[in-house]
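J.: Structure of the sequence below:
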Amino acid sequence: MFDDDDSYQLDACGRRVLIGLSVDETAEFQRLDCAIDRGKSLPGIASDQWARAEDLRWLELYEKHQAARLPFLNGSKTMH
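T.: Numbering: from 1, shown residues only. The predicted model follows:
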């Protein structure tokens, strides 16, 4: 889902991670992103409509990433 460079930064150890997520959370998000049925699990659907624990965890990580990413995109983009 996130293949653009504006979604990633390097962590303290130089590993490429989704902005706002740890290396473990990035790996978990990518695994869940591949596993969930995106036909039923799209951003914009109310969280009470998400049926599975995997969907809810994906949404939690997605929202954490987006919350950290938006200030970066609105700023100078020097966080990379």
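
J.: what comes up buried for the helix or strand in which R57 is found?
T.: Assigning secondary structure by DSSP states H and E places R57 in helix 53-74. Counting neighbours by 16 or more other CB atoms under 10 Å, one finds that the buried residues in helix 53-74 are 55, 57-59, 61-62, 64-65, 69, 72. All C-beta spots, glycine's among them, are computed from the backbone N, C-alpha and C.

J.: Out of those, which comes closest to L18?
T.: H65 (4.9 Å; CB to CB).

J.: List the contacts of the closest one.
T.: If you count contacts by CB atoms under 8 Å, 6 or more residues apart in numbering, H65 has them with 2, 7, 18-21, 29.

J.: now with 10 Å?
T.: Contact analysis of H65 by CB atoms under 10 Å, 6 or more residues apart in numbering lists 2, 7-8, 17-21, 25-26, 29.

J.: By pLDDT, give me the weakest of these.
T.: Within the set of those, pLDDT is lowest for F2 (58).
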